[in-house]
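[1] Here's a sequence, model it:
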Amino acid sequence: MEPIEEVSNDEEVPYTFIIKTGSNVPIKEATKKWDDGTMILTINPGSSSTASQDLRVAENFNDKTEGAVTVDFWLPRRIGVPKLLKVDLESDKFELFDKDPLYVREITIIYDRNPYRFPIKNFIYPHHPIHNPTEPREGCVPHFLIREGAGTLKHHETEDYVIKAREEDLKNTKSMVNWKESKDVVGDLLYPGLVDITEYDKLPRFLQFKEANYDMILDFTEKGRDEVKSNVFDNLRAKLFGTYEENRFASFEEFELYLRHKSTEMGWQKESISEAMKVAKIFHKDEEFGRQMLCGPNAQQIKKVTSLDGRWAGCAVPEYAIEGKALQDVMEEGKLFQVTTDELDGIPHGGSFSKKLTGTKQTWYTVLADCLLYLRNDEKLVPVLIRLENRNDGKPATWWTPPEPGMADFDHPKYLAWLYAKMWFRSADMNCYALCSHFAKCHAVSEAIAVAAYRNLPNAHPIFRILQPHILGIIPVNVNARAVLLSPKKNFFTLFLSAGGATIEIFNNFFKKFSYDDLVVPLDVEKRGVQDIPEYLYRDDMGSHWEIIHQYLKELVHLSYPSDDDVIEDEELQNFFKDVFDNGFRRFENGAGFPRSVSTREKLVEYLTAVVVNISVFHTAVNFQTFTYVPFQPNMPCCMSQPPPDQDTIITMELILDSLPLLEITFYAMNASNLLGTFSPIERFYLGDEDVMREPRISHCNMRANDTEASDIVQAQKLFDCTVRNINIR
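    Have a look, this model is predicted:
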């Protein structure tokens, strides 16, 4: 046997660094390189025995687009496995000159033929060599301290230098992300906690969109803004010269023609327009109305009726509408359902900007509207009773029922009255959808989770690496929204929504009833009693993705937490739960049902699934369908400009068309729905990221297999297509 040669710790061995930088969104300045300084890398900084010297990398890194730089160093073997990596930037430029931060995606070190990944996904700002900043600067942390691999639990770490780096990393991030008391924004009304920054440009750089993404959004909205300005100036000029006339539509067909014309002029996606056109052909049918309650953008509101007391006391539904049965019998059979708009209670009429926008002062009526729906024997869900109440003007509730089956005269007052009542309900539903289901439940709730995550979970934490891709964009979106969209009495929603001038009040109404269980899909479906409705695509698709994501996250949690005791001992994780409860939902009764602590892996998996599904799958469901259902305004009116009808009002087509939005308001609704309904690189469905996997092949392959099973139900880009189907177009 040959003698084994001793290996000296001073012997130098190769370390290869693959440094990945830049955005993954193509833009105009695709070839721009970052050349404002030098990157300095240190392996195992703080270790008394395995730390490397500072390694300087003077390269032109990709900045605006993805790229990678590979460099090799010969380093002492004693350094061994890279467990921690410090990343710093230096620049010789004087501080008076502008310097750009650099977005670093990840760094991989190849040592002894094994790859060691350091996921970063953050910006860093170059400092002058004579300075060594220890505090955040220019919205960036002073340096990165990145733990290798899939993330670790603090109580599993055994080396002091790794623990100290973890604590420093969290301290830096926490100093940049602070809570703002919701009462400072909404007074005594309910609203989740939010970040203590009011201007987008003042956000930490890691909370701003990558420049390429943000530039694309700004370019996308520019044409819409120009059109709004053009409409206002055209009306002012017409009034000045005495040629002004209201831009009202004379028929439903004119709405269709306008939609087709504007979509071509604005360059909107033809596929989306074709779906909206399908809706325009059949929106008047009761079967289509019922389908939209199950598959439209606000499909999570329907509930089984278990009592005919309260709002339904004394109501009467003609037997021909419920196949010759008594209403009580239908309810007891489990075939009676309701959709209500209680969030509009106490919300005043809108239209304060109508004169400026259209040239005519209008009142946009905010009306409480409730609908009873019946599941027919042919398994079609149809509306059978609509209740309207103009509480703002002290008017009594009115009740509206469908005409007798087979009515062929579409100009008959009974047919028009039912069509008109459905429009009033859909207008109320539209306002609740936009402000409550979309913004309040998706955006406001998710921001509270995001702030708590950044404040309590360091980059090295496996749960942070699970959540970070999902929460990445929610804070900047909401900061922009509060500044531009949601300022009381003066916001974007006042341009077209009847309830748009009272956003804070409608949020308060929504949050009075909101709870954590609303985010847990199986519990929500059970609570609403809608397990057995046929063709309920929203429920089916949400349930499928809940199961897939739940199983996926269960695997990841079990990789990082060998037992329930590890969940209990994870102080960083428990601080996160406590922060969500204490500051995210401080003024809610019992923290809105969010657990203040979690003691089992099972509950942790449920919590994470609820957060991820709400911010990704649920948001997709309520967001990306808007351009299918909203652009043709008779289907889902954003506002109604005539008073709601009294019980004895004779309804005519002229009255209906006079109530619907004017041309200018229709455009604002169309443009807003196009902006919301268009998929952008900021809104992605992140699963299968190896940053959170200790054994990536296992979970990633299972995720792919499960998602393949669901692909027949859900499109890759729009998880909820729910297009018109099983309805004959006539």
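[2] quick check: mean pLDDT across stretch 125-141?
    For stretch 125-141, the mean per-residue pLDDT is 85.
[3] all strands for the stretch 101-250 of the chain, in order.
    102-111, 114-124, 144-147, 179-180, 194-195 (DSSP state E, counting those that start in this stretch).
[4] Does anything pack onto the second one? Which helices or strands?
    When contacts are defined as 3 or more C-beta pairs under 8 Å, 6 or more residues apart in numbering; DSSP states H and E, strand 114-124 packs onto strand 84-90, strand 102-111, strand 144-147. Placement of C-beta: from N, CA and C, glycine included.
[5] In which helix or strand does the spatially most central residue of the chain reside?
    Residue closest to the average C-alpha location in the chain (C-alpha atoms, centre = their mean): His619, at 4.3 Å. Per DSSP states H and E: His619 is located in helix 619-623.
[6] roughly how far out does that helix sit from the chain middle?
    Centre-to-centre, helix 619-623 and its host chain are 7 Å apart (C-alpha atoms, centre = their mean, to the nearest Å).
[7] starting at the chain centroid, how far to the following helix or strand past that helix?
    Heading C-terminal from helix 619-623, the first helix or strand you meet, by DSSP H and E, is helix 626-629. Computed by C-alpha atoms, centre = their mean, the chain-centroid distance of helix 626-629 equals 16 Å.
[8] Output the contacting helices and strands for the helix or strand just after helix 626-629.
    Going down the chain from helix 626-629, the next helix or strand is helix 653-659, by DSSP H and E. For helix 653-659, the elements it packs on are helix 413-432, judged by 3+ C-beta pairs under 8 Å, 6+ apart.
[9] re the thing from before, surely the residue nearest to the centre of the chain touches Ser437?
    No - using C-beta atoms under 8 Å as the test, His619 is too far from Ser437 to be in contact (10.0 Å).
[10] same question for whichever helix or strand Lys527 is part of, mean pLDDT?
    Taking DSSP H and E as the criterion, Lys527 maps to helix 521-528. The average of the pLDDT scores along helix 521-528 is 98.
[11] Next: stretch 416-432.
    Averaging pLDDT along stretch 416-432 gives 97.
[12] coming back round to it: what pLDDT is listed against the residue nearest to the centre of the chain?
    The model reports His619 with a pLDDT of 91.
[13] Leaving out chain neighbours, which residue sits closest to it?
    What sits nearest to His619 in space, not counting adjacent residues and going by C-beta to C-beta, 6 or more residues apart in numbering, is Cys442, at 4.5 Å.
[14] any idea how far His558 is from Val612?
    Remark: distance between Val612 and His558 (C-beta to C-beta, to the nearest Å) = 16 Å.
[15] Compare those two (neighbour count), which wins?
    The neighbour comparison of Val612 against His558 (other C-beta atoms under 10 Å) goes to Val612, with 27 against 13.
[16] list the buried ones in the following helix or strand past the helix holding Lys527?
    Where DSSP H and E defines the elements, the next helix or strand beyond helix 521-528 is helix 537-560. Of all the residues in helix 537-560, those buried under the rule 16 or more other C-beta atoms under 10 Å are 537-539, 541-550, 552-557, 559-560.
[17] cool, and stretch 587-606?
    Those would be 587-588, 591-595, 598, 601, 604-606, for stretch 587-606 by 16+ other C-beta under 10 Å.
[18] can I assume Cys442 sits in a helix?
    Yes - with DSSP: H, G, I helix; E, B strand; the rest coil as the criterion, Cys442 is part of a helix.
[19] so who does it touch?
    Cys442 sits next to 614-615, 618-619, 622-623 when contact means C-beta atoms under 8 Å, 6 or more residues apart in numbering.
[20] What of Met653?
    Residues near Met653 by C-beta under 8 Å, 6+ apart: 411, 416.
[21] let's number from 12 now, not from 1
    Sounds good: first residue 12 from here, last item Met664.
[22] That one and Ser670: what is the separation?
    Taken as C-beta to C-beta, the span from Met664 to Ser670 is 11 Å.
[23] next one: Trp429
    Counting by C-beta to C-beta, the gap from Trp429 to Ser670 is 15 Å.
[24] same check, this time on Arg177
    61 Å.
[25] next one: Ser438
    9 Å.
[26] Quick check: neighbours shared by the two?
    648, 651.
[27] Low-confidence regions, this structure specifically.
    The chain contains residues with pLDDT under 70 at 12-20, 35-43, 105-108, 221-257, 496-501, 690-741.
[28] buried stuff in stretch 508-526?
    For stretch 508-526, by 16+ other C-beta under 10 Å, it's 508-522, 525-526.
[29] How about stretch 177-194?
    Quick answer for stretch 177-194 (16+ other C-beta under 10 Å): 177, 179-181, 183-184, 187-188, 190, 193.
[30] circling back to that earlier point, tell me which of the helices and strands packed on strand 125-135 sits nearest to Ile485.
    Closest of the helices and strands packed on strand 125-135 to Ile485 is strand 113-122, at 18.8 Å (criterion: C-beta to C-beta).
[31] Parallel or antiparallel, which strands does the closest one pair with?
    Take DSSP bridges as the rule and strand 113-122 pairs in its sheet with strand 23-32 (antiparallel), strand 125-135 (antiparallel).
[32] tilt between the last one and strand 95-101?
    Orientation note: strand 125-135 sits at an angle of 40 degrees relative to strand 95-101 (axes from the mean of the first three to the mean of the last three C-alpha atoms, to 10 degrees).
[33] now what about strand 125-135, what contacts it?
    Against strand 125-135 from outside (C-beta under 8 Å, 6+ apart): 92-93, 96, 98-100, 112-121, 150-152, 154-155, 157-160, 216-217, 470, 476, 479, 701-702.
[34] Next: the first one.
    Outside of strand 23-32, the residues within contact range by C-beta under 8 Å, 6+ apart are 45, 50, 52, 54, 66, 68, 70, 72-74, 77-88, 90, 93, 113-123.
[35] Ser438 and Ser670: which has the busier surroundings?
    Ser438 (28 against 21).
[36] could you check the distance from the closest residue to that one other than its chain neighbours over to Tyr431?
    Excluding the flanking residues, the one nearest Ser438 by C-beta to C-beta, 6+ apart is Pro648, at 4.2 Å. To Tyr431, Pro648 is 11 Å away according to C-beta to C-beta.
[37] Overlap in contacts, the two.
    Counting by C-beta under 8 Å, 6+ apart, the residues touching both Pro648 and Tyr431 are Ser670.
[38] okay but Thr637 is in contact with Gly688, surely?
    Yes - look at Thr637 against Gly688 with C-beta under 8 Å: they come within range, at 4.2 Å.
[39] out of these two, which sits in the busier spot?
    More crowded of Thr637 and Gly688, by other C-beta under 10 Å: Thr637, with 27 against 23.
[40] Lys75 versus that one, what's the distance?
    For Thr637 relative to Lys75 (C-beta to C-beta), the value is 31 Å.
[41] Could I get the strands paired with strand 113-122 in TSV, plus columns for mean neighbour count and distance to Val393?
    What follows is the strands paired with strand 113-122, written out as TSV (neighbours: other C-beta atoms under 10 Å; distance: least, C-beta to C-beta, whole Å):
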stretch	mean neighbour count	distance to Val393
strand 23-32	18	55
strand 125-135	19	49
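[42] Format the ones you listed as CSV; extra columns: distance to Arg322.
    Converted to CSV, the strands paired with strand 113-122 look like this (distance: least, C-beta to C-beta, whole Å):
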stretch, distance to Arg322
strand 23-32, 58
strand 125-135, 49
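[43] Tell me which residues touch the nearest residue to Arg607 once chain neighbours are set aside, please.
    What sits nearest to Arg607 in space, not counting adjacent residues and going by C-beta to C-beta, 6+ apart, is Phe592, at 4.1 Å. Going by C-beta under 8 Å, 6+ apart, Phe592 touches 602, 605-607.
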